[in-house]
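Peer 1: Show me how the following folds:
(chains A and B)
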Amino acid sequence: MAAFDGDLDRPLYGRGPSPGLRFTLYAILSVVLMYYDRHGQLVHRIRYALQAVTYPIQVAVGSPSVAWQWLTASWQTRDALRTQNAQLQQQLLELELKSMRQDALEQENAQLRELRASLPPLIKHWQLAQIIDVQTDPLRQRIVIDKGARDGVHVNQAVVDAHGVLGETERVGPWSAEVLLVTDPEGAIPVQLTRNGLRTIAVGGGSDGELVLPYLSSNADIRSGDLLVTSGLGGVYPAGFPVGRVIGVRRESSELPAQVRAAPVADLERDREVLLLQFSADNPAAPAPNPPIAPAPTPKSKPKPRNQVPEDE
Amino acid sequence: MSERHPRVLIVVSSLVGLVLSLLPLPHWAAILRPAFLVLVVLYWSTMLPRAGGVTLGFGSGLALDAFQGSVLGEHALALSFVTYLAIRLHLLVRAKPLFEQSLFVFAALMAYEFLLWVIDGWSGYPLSTPMRWVHTATGGLIWPLVVGILGRFHLAR
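Peer 2: A predicted model of the protein is given here:
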């Protein structure tokens, strides 16, 4: 093993700064970088550039799974396609029925609010984006999508799939954006129970791909099967988008908070495409608008799980 | 001339390590996945401490930061520390049989993950799932394989 020699294996301390000095310099540099990544503006530009550099590699790394999906999709039999088609038609019918009622309800709502003109649609603009990379480490649950600042994507934009909320954009590069999933432990999302309107905050559970509701007292009225929707607070999502379904409630003692787990309704495992939403600010249901230009210097608007006092309960 | 060959090899193997670290995997596999890039960097800094040096560790760490969306500098700091350790102890480690080298690697990976954990906590991201330590064990186990593969390329030229 050690039986080799060459130019590269000459004594360590002949040339240039010693490893110790180098390490010290790099350590200082790292700490400075970390500090400015949290508090500074310069690093945001570096980040933006990095996002551009990493984009092609992310595409390359993600390409095997994309190719595999494409292969399996193109080998689907006629039969499978036919049954799928029938299912989709059925679904379409159901949705059309629902939306018939929806129009009437929206009109009624506008009348109730005594607005002369009908409201602008809540969703001003939506965009389809492909998932190019999925990171589901125990610690980080993110996806990378193929739309970036060049396509009008901005930070803290809501991302959903056909079933519910997936997450929000966190870092935006020129051609790609990183989406913080609702199950990421760094994320938190203000939610509301549809059954009784109880408001709280759901925090990502990380490794188990679940949501946790840590701020509920032990006597809170919540049980398995309850649907969680966005509550409209927090400035990212409008009210009423489905987020998750409660799958477990544990109450150990009356002093401790209830331990509530929920599963996201968005199908994180099977999505290939996601929707990026933009809301019209004129609609009363829209969340408070965010600064449109990439990273603002203000501290994160996202509620932090640690030092955030929940609004209700 | 002989200097050129390992340089290319170092860059290529580091890139392969990076790709292996980023490849999307099912959840259970992502937990078990060893930190390939760290292993590659450890290999070069014990076998050819002059070639890559702490700079290789720092650069690889920055790449990990850029791709994994962690605080910029987090992996860079942890990885340059581990690289420094490996360079300092390379004579000691290199002379040992593979089994003992694995133990050293395991310890180095623990130090690496510990630093990451501390920085995570410091940057307002306190999460201590035991799952994050699993890769240190698999990394130690896979070390003989890393030595076998990389050694085949760079010793038998």
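Peer 1: so A:Val260 sits in a helix?
Peer 2: No - going by DSSP: H, G, I helix; E, B strand; the rest coil, the assignment for A:Val260 is strand, not a helix.
Peer 1: so A:Asp221 touches A:Leu198, yeah?
Peer 2: Yes - counting by C-beta atoms under 8 Å, A:Asp221 does reach A:Leu198; the two are 6.4 Å apart. (Glycine included, C-beta is placed from N, CA and C.)
Peer 1: Now do the contacts for the residue positioned nearest the centre of chain B.
Peer 2: Geometric centre of chain B, nearest residue: B:Val38, 1.0 Å, by C-alpha atoms, centre = their mean. Contact analysis of B:Val38 by C-beta atoms under 8 Å, 6 or more residues apart in numbering or on different chains lists B:17, B:60, B:79, B:82, B:109, B:112, B:139.
Peer 1: most surrounded residue in those?
Peer 2: Within the contacts of B:Val38, most neighbours by other C-beta atoms under 10 Å in any protein chain shown means B:Leu79, with 31 neighbours.
Peer 1: pretty sure it belongs to a helix, no?
Peer 2: Yes - when classified by three-state DSSP, B:Leu79 is found to be part of a helix.
Peer 1: wait, it sits on B:Thr55?
Peer 2: No - with contact defined as C-beta under 8 Å, B:Leu79 does not reach B:Thr55; the gap is 11.0 Å.
Peer 1: circling back: more neighbours: A:Asp221 and A:Leu198, which one.
Peer 2: A:Leu198 (19 against 11).
Peer 1: quick one: low-confidence parts of chain B?
Peer 2: By pLDDT under 70, the low-scoring segments of chain B are B:1-5, B:124-128, B:156-157.
Peer 1: mind running it again at 80?
Peer 2: B:1-5, B:24-28, B:52, B:69-70, B:123-130, B:154-157 (pLDDT under 80).
Peer 1: Show me where it has its helices.
Peer 2: B:4-22, B:27-32, B:36-47, B:53-68, B:74-88, B:90-94, B:98-122, B:134-155 (DSSP state H).
Peer 1: what about the first one and chain A, any contact?
Peer 2: The reference is to helix B:4-22. Yes - using C-beta under 8 Å from any C-beta of the partner chain, helix B:4-22 reaches chain A at B:6, B:18-19, B:22.
Peer 1: List only buried entries from those.
Peer 2: B:6, B:18, B:22 (16 or more other C-beta atoms under 10 Å in any protein chain shown).
Peer 1: Including distance to A:Leu88, could those residues go into JSON lines?
Peer 2: JSON lines is the format used below for those (distance: C-beta to C-beta, whole Å):
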{"residue": "B:Pro6", "distance to A:Leu88": "56"}
{"residue": "B:Leu18", "distance to A:Leu88": "40"}
{"residue": "B:Leu22", "distance to A:Leu88": "34"}
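Peer 1: Nearest to chain A among those?
Peer 2: B:Leu22 (4.9 Å; C-beta to the nearest C-beta).
Peer 1: Just the pLDDT for the residue nearest to the closest one when sequence neighbours are not counted.
Peer 2: Of all residues not flanking B:Leu22 in the chain, A:Val61 sits nearest, at 4.9 Å (C-beta to C-beta, 6 or more residues apart in numbering or on different chains). On pLDDT, A:Val61 comes in at 81.
Peer 1: For whichever helix or strand A:Arg22 is part of, give the mean pLDDT please.
Peer 2: Taking DSSP states H and E as the criterion, A:Arg22 maps to helix A:19-39. The average pLDDT within helix A:19-39 is 86.
Peer 1: Kindly report the domain assignment for chain A.
Peer 2: A:18-73, A:120-292+A:303-313 (automatic domain parsing).
Peer 1: Of all the ones you listed, which one is nearest B:Ala86?
Peer 2: Among these, domain A:18-73 comes nearest to B:Ala86, with 9.6 Å by C-beta to C-beta.
Peer 1: quick one: that closest one to chain centroid distance?
Peer 2: 19 Å (C-alpha atoms, centre = their mean, to the nearest Å).
Peer 1: Also stretch B:132-150?
Peer 2: The answer for stretch B:132-150 is 9 Å, by C-alpha atoms, centre = their mean.
Peer 1: Check stretch B:89-105 too.
Peer 2: On C-alpha atoms, centre = their mean, the centre of stretch B:89-105 falls 15 Å from that of its chain.
Peer 1: low-confidence ranges in the stretch 201-313 of chain A?
Peer 2: For the stretch 201-313 of chain A (pLDDT under 80), the answer is A:206-209, A:252-256, A:268-272, A:280-313.
Peer 1: count of neighbours near the closest residue to B:Leu116 other than its chain neighbours?
Peer 2: Nearest non-adjacent residue to B:Leu116, counting by C-beta to C-beta, 6+ apart: B:Ala78, 5.2 Å away. For B:Ala78, the count of nearby residues is 25 (other C-beta under 10 Å).
Peer 1: Quick one: residues contacting B:Ala78.
Peer 2: B:61, B:112-113, B:115-116, B:119.
Peer 1: top of the residues you listed by neighbour count?
Peer 2: B:Gly61 (28 neighbours).
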